[in-house]
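J.: I'll drop the sequence and a predicted model, then ask my questions.
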Amino acid sequence: MAGLVALAGALLCAADLALARAGLPGAVPFAAVAAAIGAGALVVGLRACARPESRTDWRAAVRAAALDAVRDPGGSALVLLAVVAAALCAWMLVPLAFLAPGPLALALTAVGLRRAGR
């Protein structure tokens, strides 16, 4: 179920950005806001996946991940940079797409340990 919600969110964000490229008035600020919302949702979703309670209670994991994302903006930026690095590696060499989840999981674990160390 969570995978379907993530896929629907990604498709909605892609459709919004495609509509913004259509040349409608106010497209540039709308595209910036839509991209920021999409990036925030991606960070919260990934941080929720890294939480231990995500195995049993997704709502609690998403709620706690959203609080973590707000309380630790540096960690959220690190997660976003890890996603960008994984996407660039997969774009440069397509077979690396199969290896991208490993460093991404490592980054999420490091951000979680960084949060716990405070």
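T.: Received the coordinates, thanks. Note that the structure is predicted; figures quoted are calculated from it, not measured. Numbering: from 1, shown residues only.
J.: May I see the buried residues of the longest helix seen in the chain?
T.: Looking across the chain with DSSP state H, the single longest helix is helix 27-49. Under the neighbour-count criterion of 16 or more other C-beta atoms under 10 Å, helix 27-49 has 31, 34, 38-39, 41-49 buried. Just so you know, the C-beta spots here come from the backbone N, C-alpha and C atoms, and that holds for glycine as well.
J.: Those: which two are farthest apart?
T.: A31 and C49 (26.8 Å; C-beta to C-beta).
J.: ranges for the helices of this protein?
T.: 2-20, 27-49, 58-71, 73-92, 101-116.
J.: per-residue pLDDT, the closest residue to A48 other than its chain neighbours?
T.: Nearest residue to A48, sequence neighbours excluded (C-beta to C-beta, 6 or more residues apart in numbering): A65, at 3.8 Å. Note for A65: predicted pLDDT of 91.
J.: shouldn't A65 be in contact with W58?
T.: No: in this structure, A65 is not within contact of W58 by C-beta atoms under 8 Å, at 10.1 Å.
J.: where do the contact lists of the two overlap?
T.: Residues touching both A65 and W58 (C-beta atoms under 8 Å, 6 or more residues apart in numbering) are A48.
J.: Which one's more surrounded, those two?
T.: Legend: neighbour count by other C-beta atoms under 10 Å for A65 and W58, higher for A65 (23 against 16).
J.: most remote residue from the protein's center?
T.: Farthest-out residue of the chain from its mean C-alpha position, per C-alpha atoms, centre = their mean: P25, at 28.2 Å.
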